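Curious how this folds, go ahead:
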Amino acid sequence: MSLEVHKGRAHPVYRERVGYQAGLLGGFSMVAAALLVMGNIATRDAIEQRRAEDLLASLGQVIPARLHDNDLLADSLMLTREDGSEVVVYRALSGLDVAAVAYQVTGQGYAGDIDLILGIDNRGRVLGARVLAHAETPGLGDKIEVARDDWILDFDGRSLGDPTDAGWAVKKDGGEFDQFSGATITPRAVVRAIKGGLEFFDAHRDGLLASAVIQRTDPEEAK
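As a prediction, this is how the structure comes out:
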């Protein structure tokens, strides 16, 4: 075997070849990738369970427990918005009747999307709205979080008719909702998102509130 001497130590010549070094690097990369995949598989179920728990906690803030006797996550349905996007709707059932629904709405804030979960009763009135995710400026835009400010509670009990269409805006734009000093874009986005969520409910009311019972026709009766 050919050897080269470096600083008094002998090393096989093949270790200095580009092919050997590339192969060694590739081997380490494959091992690292395999470990990442194994780690992802091992933690996937735990992550999904945590997400479900967080979502259920958020749903509990916008749909009171007294209104339903079902598992909100289990009794969901998929509807399509006018723009073609799909929305998961969580239905609160009292027996077989739909007492309320909740689904995600999104507004374009100052620093990106503001995702909210919106709860609406079967009369079309807001039961509650909570922020799921946002990237707004700390100390300003983050006042949309109920843990930092009670501003978002002003939507409770509101509907498309309360306030009127013109009232569904921040006061700076002639509406009824307060804005934040130095952060008007953020509350404006939330107001628009919640109003859009109410409009979605109004447009899909029949499908959202349809009884949980699936009507099946007896084949013999159909003859």
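
May I have the secondary structure class of the closest residue to residue 210 other than its chain neighbours?
Nearest residue to residue 210 in three dimensions, chain neighbours excluded: residue 98, at 7.3 Å (Cβ to Cβ, 6 or more residues apart in numbering). Glycine gets a C-beta too; all of them are placed from N, C-alpha and C. At residue 98 the chain is in strand, as set by DSSP: H, G, I helix; E, B strand; the rest coil.

right, and residue 98 touches residue 206 too?
No - between residue 98 and residue 206 there is no contact under Cβ atoms under 8 Å: 10.8 Å.

Kindly state the beta-bridge partners for the closest residue to residue 189 other than its chain neighbours.
Distance criterion Cβ to Cβ, 6+ apart; nearest residue to residue 189, sequence neighbours excluded, is residue 107 at 3.4 Å. Counting by DSSP bridges, residue 107 forms beta bridges with residue 114.

contacting residues for residue 107?
Contacts for residue 107 (Cβ atoms under 8 Å, 6 or more residues apart in numbering) come out as 113, 114, 116, 189, 190, 192, 193.

Report the secondary structure state of the fourth one.
Here residue 189 is helix, with the state taken from three-state DSSP.

got a list of what it touches?
So residue 189 contacts 107, 108, 109, 110, 114 (Cβ under 8 Å, 6+ apart).

where along the protein do the strands fall?
Per DSSP state E, the chain carries strands over the ranges 3-6, 9-12, 76-80, 86-94, 97-108, 113-121, 126-133.

comparing those strands, which gets the lowest mean pLDDT score?
Lowest mean pLDDT within the strands of the chain: strand 3-6, at a mean of 50.

sorry, back to before: now, which of the contacts of residue 107 sits nearest residue 166?
Among the contacts of residue 107, residue 192 lies closest to residue 166 (Cβ to Cβ), at 13.4 Å.

How about the closest one: what's its closest non-neighbour residue?
residue 107 (5.6 Å).

Tell me the buried residues within the contacts of residue 107.
Buried by 16 or more other Cβ atoms under 10 Å: 114, 116, 189, 190, 192, 193, out of those.

Let me have those residues in CSV, extended by distance to residue 29.
Shown next, in CSV, are the buried ones among the contacts of residue 107 (distance: Cβ to Cβ, whole Å):
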residue, distance to residue 29
114, 39
116, 41
189, 43
190, 45
192, 47
193, 43
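
Residue 95: neighbouring residues, count only.
Residues near residue 95, counting by other Cβ atoms under 10 Å, number 12.

OK, contacts around it?
Contacts of residue 95 (Cβ under 8 Å, 6+ apart): residue 69.

That one and residue 209, how far apart?
Residue 95 sits 14 Å away from residue 209, going by Cβ to Cβ, to the nearest Å.

Comparing residue 98 and residue 206, which residue is more hemmed in?
residue 98 (22 against 7).

Now do the same contact list for the more buried one.
91, 92, 122, 208, 209, 210, 211, 212.

now, among those residues, which is nearest to residue 56?
Nearest member of the contacts of residue 98 to residue 56, counting by Cβ to Cβ, is residue 92, at 12.3 Å.

isn't that closest one right next to residue 99, touching?
Yes - contact criterion Cβ under 8 Å: residue 92 and residue 99 qualify, at 4.9 Å.
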